[in-house]
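*Asks:* here is a sequence with its predicted model. Questions after.
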Amino acid sequence: MRKSFFALAAVAATLAAGAVQAQTATYAVDPTHTFATFEISHFGASVNRGRFDKKEGTIQLDKAAKTGKVELTIDMTSINTGTPAFDKHLQSADIFDAAKYPTAKFVGDKFVFDGDKLASVSGELTIKGKTQPATFKANQFACYQSPMLKREVCGGDFETTIDRTAFGADYGVQYGFPKNVRIVAQIEAVKQ
């Protein structure tokens, strides 16, 4: 009887362990539904905005374990403010130095959930070869079955504010431009 109990307990433990094993899924960032934009005040009178048109990345997500990892790479030469002269200045050594540092990257592996909803992703942001911690708050997040792709898609709207001088992008601070820049990222990724 005792042998049977231990055998049954071992089987139950094995089944329970199998049931809670990580079910990590990999998602490829959909560039047609993913946007990285920035906003910075212009002397308190207006807000300068721009976006980066080229981006790529992957997301790993285990919804049951509430863990994941995101890697998003932005092509800094793809900046688009709607004003070509401003784009050129942003790409120059004064600001992003895109010739020397053609990409920026966010790698996040600390996922925080509020119940079943993703609340934030923390990790490291690299701009101009300098890496700093960054936390992107999720304003919304959902997964859905795409009727067109016939696959699961997960995505959300995220934001953070950074001190651009921590990345060596301090042009204009002496003129009164603020250090803080708001970054907004809308991301959708397709399950692979």
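*Replies:* Noted; the coordinates are in hand. Residues are numbered from 1 along each chain as shown.
*Asks:* drop to CA atoms for contacts and neighbour counts, all remaining ones
*Replies:* Will do.
*Asks:* all strands of this structure, in order?
*Replies:* 25-29, 35-42, 46-52, 55-62, 67-75, 79-80, 103-114, 117-127, 130-145, 152-163, 180-191 (DSSP state E).
*Asks:* for residue 92, give me its contacts.
*Replies:* 98, 99 (Cα atoms under 8 Å, 6 or more residues apart in numbering).
*Asks:* mind checking how far it is from residue 98?
*Replies:* According to Cα to Cα, to the nearest Å, residue 92 and residue 98 sit 6 Å apart.
*Asks:* do residue 181 as well
*Replies:* Residue 181 is 18 Å from residue 98, by Cα to Cα.
*Asks:* quick revisit: any chance of the strands of the chain in JSON lines, plus distance to residue 86?
*Replies:* Listed next are those as JSON lines, based on distance: least, Cα to Cα, whole Å:
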{"stretch": "strand 25-29", "distance to residue 86": "28"}
{"stretch": "strand 35-42", "distance to residue 86": "13"}
{"stretch": "strand 46-52", "distance to residue 86": "10"}
{"stretch": "strand 55-62", "distance to residue 86": "20"}
{"stretch": "strand 67-75", "distance to residue 86": "17"}
{"stretch": "strand 79-80", "distance to residue 86": "9"}
{"stretch": "strand 103-114", "distance to residue 86": "18"}
{"stretch": "strand 117-127", "distance to residue 86": "19"}
{"stretch": "strand 130-145", "distance to residue 86": "23"}
{"stretch": "strand 152-163", "distance to residue 86": "21"}
{"stretch": "strand 180-191", "distance to residue 86": "16"}
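*Asks:* pipe those strands into JSON lines and attach mean neighbour count, mean pLDDT and distance to residue 174 per row.
*Replies:* Output for those, formatted as JSON lines (neighbours: other Cα atoms under 10 Å; pLDDT from 0 to 100; distance: least, Cα to Cα, whole Å):
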{"stretch": "strand 25-29", "mean neighbour count": "19", "mean pLDDT": "97", "distance to residue 174": "38"}
{"stretch": "strand 35-42", "mean neighbour count": "18", "mean pLDDT": "95", "distance to residue 174": "13"}
{"stretch": "strand 46-52", "mean neighbour count": "15", "mean pLDDT": "96", "distance to residue 174": "18"}
{"stretch": "strand 55-62", "mean neighbour count": "19", "mean pLDDT": "96", "distance to residue 174": "32"}
{"stretch": "strand 67-75", "mean neighbour count": "19", "mean pLDDT": "97", "distance to residue 174": "28"}
{"stretch": "strand 79-80", "mean neighbour count": "20", "mean pLDDT": "97", "distance to residue 174": "24"}
{"stretch": "strand 103-114", "mean neighbour count": "18", "mean pLDDT": "97", "distance to residue 174": "25"}
{"stretch": "strand 117-127", "mean neighbour count": "20", "mean pLDDT": "97", "distance to residue 174": "21"}
{"stretch": "strand 130-145", "mean neighbour count": "16", "mean pLDDT": "97", "distance to residue 174": "21"}
{"stretch": "strand 152-163", "mean neighbour count": "18", "mean pLDDT": "97", "distance to residue 174": "15"}
{"stretch": "strand 180-191", "mean neighbour count": "19", "mean pLDDT": "97", "distance to residue 174": "14"}
